[in-house]
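Colleague: Here's a sequence, model it:
(one chain, ligands or ions: 2)
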Amino acid sequence: MSAPLVLGIETSCDETGVGIVRGRELLANVISSSMEEHARYGGVVPEVAARAHLEAIEPALRQALETAGIGFGDLDALAVTAGPGLAGALMVGVGAAKGLATATGLPLYGVNHLVGHVGADLLRPPGEEPSPPLDEPTIALLVSGGHTSLLLVRDLVTDVELLGETIDDAAGEAFDKVARILGLPYPGGPEIDRAAVGGDPAAIRFPRGLTQQKDLDRHRYDFSFSGLKTAVARWVERARDEGRPVPVADVAAGFREAVAEVLLTKAVAACVDSGVPRLLLGGGVVANARVRALAEERCAAAGIALRVPPLSLCTDNGAMIAAVGAGLVTAGRPPSGLSFGADSTLP
Ligand code: KG4
Ligand code: ZN
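Modeller: Numbering: from 1, shown residues only. Ligands and ions are numbered 1, 2, ... in the order given. Predicted coordinates:
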């Protein structure tokens, strides 16, 4: 069988994504974001996201088919994010996918969103050479506004183990909240990145959550960013109370350094502990300049091969879901049928 032609739908958070792939070849990747609607609330509002998906899903489907130059009849399968994510948002994608599966008779695969982020590595934007296939096993570090997870990927399609995740805020969420504390707009990640330029990352030392010896027994691969956020809030508050100007560049640089250091310390530890000298990054926070630089530095020092998919595929999109769907078809996996539901807490 030639490489399967698969359409993937992603609606777990604030991006309505519809992607089409032929095996590992990216044919279309349409993304409609409701980010701007959430900006005035300083974070994603679930009801607003769900309504935006409802409005965006049909045009996104049409546009993806048009871009790929195909019709539903050409497809071999459909794939959709089944979870984890925002319940109402997921339901829009799963409902749409089931409707399409019923109408077209195409097999439908429910895909785990985190596995989708790993699957992004399979793809390359049009015109670029696909990367060599992912060497398995690999450790994957996924960091976005909704998740911060360390995975051991033995087989992308059939065997992915969750090693650890955040016990409170996601890393991207921490960026968004700290940006707000500093009076910077949403989404906070890129703003903090910009504000940190010229700042001294060592001027203020913020806490590194769950990295002390006493935490490592139970939380070796888990993350915590809520204490860090509170520490930044206190520091800024005190400066303001004392009538001192807030050194925004230093605060941003110190905060960014703390996040990057925790992320890479834990990811490298996971690689070393499991004897897997490969690290794959995914999620919107991978766009962070310091996270990327430190990843290169630490991986080089530890002899770990680092893979970072193109940034356009690191953030939520439908193509990564389609890529996993194509993998499932190729592996001869049975479709999920129509009885699975949106599962906001899918492990
Ligand atoms: O993967 P993504 O687009 O969506 C999900 O949340 O699933 O990630 C969005 C998150 C936001 O929290 C945003 O602030 C963060 O990624 N982000 C960044 C940067 N660009 C986006 N965080 C740090 N540095 C950046 N340059
Ligand atoms: Zn995501």
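
Colleague: Flag every buried residue along the lowest-mean-pLDDT helix or strand in the chain.
Modeller: Among the secondary structure pieces of the chain, namely its helices and strands, helix 35-39 has the lowest mean (mean pLDDT, DSSP states H and E), a mean of 84. The neighbour-count check on helix 35-39 (16 or more other C-beta atoms under 10 Å) flags 35, 38 as buried. Quick note: C-beta positions are derived from backbone N, CA and C, even for glycine.

Colleague: Repeat that for stretch 172-189.
Modeller: For stretch 172-189, the buried set under the neighbour-count rule, 16+ other C-beta under 10 Å, comprises 172-182, 184, 186-189.

Colleague: Per-residue pLDDT of the closest residue to residue 208 other than its chain neighbours, please?
Modeller: Take residue 208 and drop its neighbours on the chain: the residue closest to it by C-beta to C-beta, 6 or more residues apart in numbering is residue 262, 5.0 Å away. On the pLDDT scale, residue 262 is placed at 98.

Colleague: same deal with residue 34?
Modeller: The per-residue pLDDT reported for residue 34 equals 83.

Colleague: Pull up the residues of this structure that are close to ligand 2.
Modeller: With C-beta under 5 Å from the ion as the criterion, the chain meets ligand 2 at residues 144, 316.

Colleague: now the helices for the chain?
Modeller: Under the criterion DSSP state H, the chain carries helices at the ranges 35-39, 46-68, 87-104, 113-119, 171-181, 188-196, 213-219, 226-241, 248-273, 289-302, 311-314, 318-330.

Colleague: Please identify the most buried of those helices.
Modeller: With neighbours taken as mean count of other C-beta atoms under 10 Å, the helices of the chain reach their highest mean count in helix 318-330, at a mean of 29.

Colleague: Work out the gap between stretch 158-166 and the centre of the chain.
Modeller: 14 Å (C-alpha atoms, centre = their mean, to the nearest Å).

Colleague: Give me the mean pLDDT for that stretch.
Modeller: Mean pLDDT, computed over stretch 158-166, is 94.

Colleague: Could you do stretch 8-21 as well?
Modeller: Averaging pLDDT along stretch 8-21 yields 96.

Colleague: what sits against residue 196?
Modeller: Under the criterion of C-beta atoms under 8 Å, 6 or more residues apart in numbering, the neighbours of residue 196 are 249, 252, 253, 255, 256, 290.

Colleague: Among those, which one lies nearest to residue 160?
Modeller: Taking C-beta to C-beta as the measure, residue 160 sits nearest to residue 290 out of those, at 27.4 Å.

Colleague: any idea how far ligand 2 is from that closest one?
Modeller: In this structure, residue 290 and ligand 2 are 20 Å apart, going by C-beta to the ion, to the nearest Å.

Colleague: So residue 281 is in contact with residue 144, correct?
Modeller: No - Residue 281 is beyond contact range of residue 144, at 10.9 Å (criterion: C-beta atoms under 8 Å).

Colleague: For residue 233, give me its contacts.
Modeller: Residue 233 makes contact with residue 181, according to C-beta under 8 Å, 6+ apart.

Colleague: Show me where the stretch 101-250 of the chain dips below the pLDDT cut-off.
Modeller: 130 (pLDDT under 70).

Colleague: For it, which residue gets nearest to ligand 1?
Modeller: Ligand 1 sits closest to residue 189 of the stretch 101-250 of the chain, with a gap of 1.9 Å, by C-beta to the nearest ligand atom.

Colleague: check contacts around that residue.
Modeller: Taking C-beta under 8 Å, 6+ apart, one finds 172, 175, 176, 179, 284, 285, 287, 288 in contact with residue 189.

Colleague: Spatially, what comes nearest to the last one if we skip its sequence neighbours?
Modeller: By the measure of C-beta to C-beta, 6+ apart, the closest residue to residue 288 outside its immediate chain neighbours is residue 193, 5.7 Å from it.

Colleague: Can you spell out which helices and strands pack onto the least confident helix or strand of the chain?
Modeller: On a contact count with 3 or more C-beta pairs under 8 Å, 6 or more residues apart in numbering; DSSP states H and E, helix 35-39 meets helix 46-68.

Colleague: got the angle for the helix it packs on vs helix 87-104?
Modeller: Interaxial angle of helix 46-68 relative to helix 87-104 (axes from the mean of the first three to the mean of the last three C-alpha atoms, to 10 degrees): 40 degrees.

Colleague: Quickly check: helix 46-68 near ligand 1 or not.
Modeller: No - taking C-beta under 6 Å from any ligand atom as the criterion, helix 46-68 and ligand 1 are apart, separated by no less than 10.7 Å.

Colleague: Quick check: residue 251 vs residue 306, distance?
Modeller: Remark: distance between residue 251 and residue 306 (C-beta to C-beta, to the nearest Å) = 28 Å.
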